[in-house]
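> Test case, fold it:
(chains A, B and C)
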Amino acid sequence: MKIDISKKLPRDFYLNDTLTVVRKLLGKIFVRKTDKTILAAKIVETEAYIGAVDESAHSFNGETKRNSVMFREGGRLYVYFTYGMYYCANVVTEKKGTGNAVLFRAMEPLEGADLFALNRFGKTELSEKEKINLLNGPAKICMAFGIDKEKNGVDLLGDEIFILDAPPVKKNEIAVSERIGISKSKELPWRFYIADSKFISRR
DNA sequence: ATCAAGATTACCT
DNA sequence: GGTAATCTTGATA
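Got it, this is the predicted structure:
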């Protein structure tokens, strides 16, 4: 797969309404470039977190040291540490000060399978089940891409981590549900995924 | 200063 | 389906 920088999503994409961005991100290509390697995957599952009304959003009680990136202008990566051992990655949305973001929950590997495999399982020969499990959870994505707190706040309009445009997923191919793994504001139907993808997280 | 909870995962029966 | 692992953060005192 060729990486065409001209297709990088522009700032305006991220400044749209969060519930628009959370759907439009489905099908887009998340990319991390390092010196010699390119990692790329198709986004197949996302969740919206909207600070003003969402008790489960990290930003709900206002800005803190941990969540400060959520309050910056849309288009940056918000990476947080949780459960003592995992990182999860979001993209910040909307204008500065709003405290909104979209969590990446699952992706389909496109480029860099060997490095994904090494980062996740310490080997390159994977079973079919392991191949499916490479990126099908928010912390798995960070493990596979090598994303940790060093990447918190990185601008997705830069050259290391960015998202490429791709044809939109048809509305009737997008499924909606309640979000996973939260205890507050559970009723909000803000999880979106490509209905027929094998690579979504479960539970 | 102390403490409980957590946007999870892997492994168990 | 159940739970241990593991530790930072934010809230409360």
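> Might you name the residue of chain A sitting closest to DNA strand B?
In chain A, the residue that lies nearest DNA strand B is A:Gly181 (1.7 Å; CB to the nearest atom of the strand). Where you see a C-beta, it was placed from the backbone N, CA and C, and this is true even at glycine.
> bridging residues for the residue sitting nearest the centre point of chain A?
Geometric centre of chain A, nearest residue: A:Phe104, 2.4 Å, by CA atoms, centre = their mean. In this structure, A:Phe104 bridges to A:Thr46 when assessed by DSSP bridges.
> hang on, it packs against A:Pro138?
Yes: proximity of A:Phe104 to A:Pro138 meets the contact threshold set by CB atoms under 8 Å, at 6.2 Å.
> list the residues that contact both of these two?
Shared contacts of A:Phe104 and A:Pro138 (CB atoms under 8 Å, 6 or more residues apart in numbering): A:Cys88, A:Ala89.
> Find the nearest non-adjacent residue to A:Val102, please.
A:Val22 (4.7 Å; CB to CB, 6 or more residues apart in numbering).
> For A:Arg76, see how far away the one you found is.
Applying CB to CB, to the nearest Å, the value for A:Val22 to A:Arg76 is 16 Å.
> Flag every residue of chain A that's near DNA strand B.
Counting by CB under 7 Å from any atom of the strand, chain A comes close to DNA strand B at A:47, A:49, A:56-59, A:70, A:78, A:82-86, A:88, A:90, A:101, A:103, A:120, A:133, A:137-141, A:179-184, A:201, A:203.
> how about 6 Å then?
Residues of chain A lying near DNA strand B by CB under 6 Å from any atom of the strand: A:49, A:56-58, A:82-84, A:86, A:88, A:90, A:101, A:103, A:133, A:137-140, A:180-183, A:201.
> These in strands, which ones?
A:Tyr49, A:Thr82, A:Tyr86, A:Cys88, A:Asn90, A:Ala101, A:Leu103 (DSSP state E).
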